[in-house]
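# predicted model follows, preceded by the sequence.
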Amino acid sequence: MRSGPGQYLCQTGALGFLAPKLQHFQQPCIIAGEKSLAAFKRAMPETTATAAAGADVLIGIGGGRALDTAKGTAELLNVEYITLPTVLGTCAATTPLSAVYWPDHAFRSVDYYHRSAYLTLVDLALLITSPRDYFLGGIGDTLAKWYEAEAITRHQPAETLPVMVRMGLAAARECRDVLLRDTPAALDSMTAGEVSPAFQRVVEAILAVAGMVGGCAGESGRMAGAHAIHNAMSHLPETHSVLHGMKVAYGILVQLVATGDEQEVVRLLPFYRHNGFPYNFATLGITTPAEEAIGLLAHYAAREQETFRLALPGVTEEQIAAALRRVEQLACDAYSLSGAGR
């Protein structure tokens, strides 16, 4: 079990609390990408940090990559870190771990750290202006929390699960329910540039509640089939520009078919299509010939070191390949039934 941030605040104007919190440190240092830093400076133009030498706290500003870099650097330097998300792509702001990739963008590993964030500040006024595609990616990544955790634990009677695991599953279920209910309204709020209760609920599901799934459930709240498909997709170069959460969202569908939950895929497809989530190779921008892509994805997702087997023990390449083909067919059927092609 791994805890979330030591302090957490989510509201409009949350960045106003940064300066008082930094009074406990002598030499803060910012780690951020150029666009994220520019967004931060628009919201908070005051000087908050100096150079890295001798830093006693790192301030990660940005999305998953910047925040994960800050966490990993803080681990190496053995100092505290603060996370300030400027996009809504993952739960990286509240989790003490990083997703690590090779220079060619292929997935390498997940690294776990000794400390959690000293502070996480979630400023809704900043995030309402953040990129919509990252918001969609964060929704997709968070939706997977329920489907992966449920698959991992489904063969264990609920009454035998430790209370902390049940807490993690409850958090995952809440994420699913909030996202399926509030996503359309939250996206409308972003379009209008106005913070709404629905927007805040979806933001907190992505950034905070999602982090509680693995934090409480531990091994029972890990990544499973959906993330294995994401990891496998990193070996298709044309998907490198597709955001993490969008690939995970597609992976949910593949996992559900593989585990015999095809009716849930049918239920999710209208939500995917209406809100802009990928549901087949075409919407992922996959240009590799279909059977070649299916073979590659099934090969990597079925490997012993991958996480698909947590959702379906003993899963084979053939099973994953069959699930990939079936998702393509279900997506085609749903498209035809909707009358969209008329």
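Perfect, thanks for sending it.
# any idea how far apart the tips of stretch 205-219 sit?
End-to-end distance of stretch 205-219 (CA to CA, to the nearest Å): 20 Å.
# what number of residues lie near the nearest residue to F308 once chain neighbours are set aside?
Nearest residue to F308, sequence neighbours excluded (CB to CB, 6 or more residues apart in numbering): A228, at 3.8 Å. Yep, even glycine has a C-beta here, placed from its N, CA and C like the rest. A228 has 31 neighbours, counted by other CB atoms under 10 Å.
# wait, a helix at A228?
Yes - per DSSP: H, G, I helix; E, B strand; the rest coil, A228 lies within a helix segment.
# ok, it - contacts?
Counting by CB atoms under 8 Å, 6 or more residues apart in numbering, A228 makes contact with G251, Q255, Y300, A301, E306, T307, F308.
# repeat that for 7 Å
Applying CB atoms under 7 Å, 6 or more residues apart in numbering, one finds that A228 lies in contact with G251, A301, E306, T307, F308.
# and for E292?
When contacts are counted by CB under 7 Å, 6+ apart, E292 touches no other residue.
# A helix includes it, no?
Yes - under three-state DSSP, E292 falls within a helix.
# that one and L324: what is the separation?
12 Å (CB to CB, to the nearest Å).
# same question, E148
17 Å.
# same deal with D261?
15 Å.
# the two: which is more packed in?
Between D261 and L324, L324 has the larger neighbour count (other CB under 10 Å), namely 26 against 19.
# where's the more buried one relative to H299, distance?
In terms of CB to CB, L324 sits 11 Å off from H299.
# list the contacts of F135.
Contacts for F135 (CB under 7 Å, 6+ apart) come out as L88, M190.
# sec struct for it, please.
Secondary structure, three-state DSSP: F135 is helix.
# which pLDDT value belongs to it?
F135 is assigned a pLDDT of 97 by the prediction.
# buried set for stretch 290-304?
A293, I294, G295, L297, A298, Y300, A301, A302 (16 or more other CB atoms under 10 Å).
# using PDB, write down the CA coordinates of it.
What follows is stretch 290-304 as a C-alpha-only set of coordinates in PDB (Å, rounded to 0.1, in the frame of the first residue of the first chain):
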ATOM      1  CA  ALA A 290      -4.500  -5.000 -39.700                       C
ATOM      2  CA  GLU A 291      -3.300  -8.600 -39.300                       C
ATOM      3  CA  GLU A 292       0.300  -7.500 -38.900                       C
ATOM      4  CA  ALA A 293      -0.800  -5.000 -36.200                       C
ATOM      5  CA  ILE A 294      -2.900  -7.600 -34.400                       C
ATOM      6  CA  GLY A 295       0.000 -10.100 -34.400                       C
ATOM      7  CA  LEU A 296       2.400  -7.500 -33.000                       C
ATOM      8  CA  LEU A 297       0.000  -6.300 -30.300                       C
ATOM      9  CA  ALA A 298      -1.000  -9.800 -29.200                       C
ATOM     10  CA  HIS A 299       2.700 -10.900 -29.100                       C
ATOM     11  CA  TYR A 300       3.800  -8.000 -26.800                       C
ATOM     12  CA  ALA A 301       0.600  -8.000 -24.600                       C
ATOM     13  CA  ALA A 302       0.800 -11.700 -24.000                       C
ATOM     14  CA  ARG A 303       4.400 -11.800 -22.800                       C
ATOM     15  CA  GLU A 304       5.100 -13.200 -19.300                       C
END
